[in-house]
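**Q** What follows is a protein structure lacking sequence information:
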C-alpha cells in the first residue's frame with residue numbers, strides 16, 4: 001500500500017508508527033495513523049477517499065507539548081482562503097493560510113526538510 005511505502009521511505013525521521021484504521025473497499029479507502037518522529041513530535045494522519053472520488057484529509061503535526069506546529073486539511077470551513085477548501089493552520093487554529101492539496105508523501109518531505117535544516 002502506498003501509505004506504508006511512504007512511511008518506510010521516510011524511516012530516517014520516523015521512530016515508530018501506529019496504524020489506527022486501514023480499510024479498502026473498491027476505489028475507496030480509510031487510513032488513519034499516528035507517527036512519532038525522531039525529535040519526539042507527532043504526526044496524526046487521516047486520509048479518506050470516498051467511492052464518489054471525493055477525498056477528506058488532515059495531516060496534523062504537533063510538538064511534544066501537544067501544540068499544533070502545522071496542520072494541512074481540506075475541511076470546507078475557511079471559505080476566505082484562496083485555495084479553498086485546501087488550507088493549513090500554522091500553530092494556532094485561527095492562523096490559516098493557503099495550501100495546495102496535500103498527500104502524506106508531501107507532508108513527510110516538508111517535515112524532513114524542517115528537521116534537517
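**A** That came through fine. Only a predicted model underlies this, so the values are computations on that prediction, with no experimental measurement involved.
**Q** just checking, what's the longest helix in this protein?
**A** Longest among the helix segments of the chain by residue count, using DSSP state H, is helix 104-116.
**Q** List the buried residues of it.
**A** Going by neighbour count (16 or more other Cβ atoms under 10 Å), the buried part of helix 104-116 is 104, 107-108, 110-112. (Each C-beta comes from the backbone N, C-alpha and C, glycine too.)
**Q** Please name the residues that touch residue 103.
**A** 47, 57 (Cβ atoms under 8 Å, 6 or more residues apart in numbering).
**Q** Next up, phi/psi of it, please.
**A** The phi and psi values for residue 103, taken as degrees, to the nearest 10, are phi -130, psi 160.
**Q** so what's it scoring on pLDDT?
**A** Looking at residue 103, its pLDDT is 96.
**Q** contacting residues for the residue lying farthest from the centre of the chain?
**A** Going by Cα atoms, centre = their mean, the residue of the chain most distant from its centre is residue 26, 22.9 Å out. Applying Cβ under 8 Å, 6+ apart to residue 26 gives the contacts residue 51.
**Q** what's the distance between it and residue 106?
**A** From residue 26 across to residue 106, the span is 25 Å (Cβ to Cβ, to the nearest Å).
**Q** Tell me the buried residues in the longest strand anywhere in the chain?
**A** Using DSSP state E to define each element, the chain has its longest strand at strand 14-25. Residues of strand 14-25 classed as buried: 14, 17 (neighbour count, 16+ other Cβ under 10 Å).
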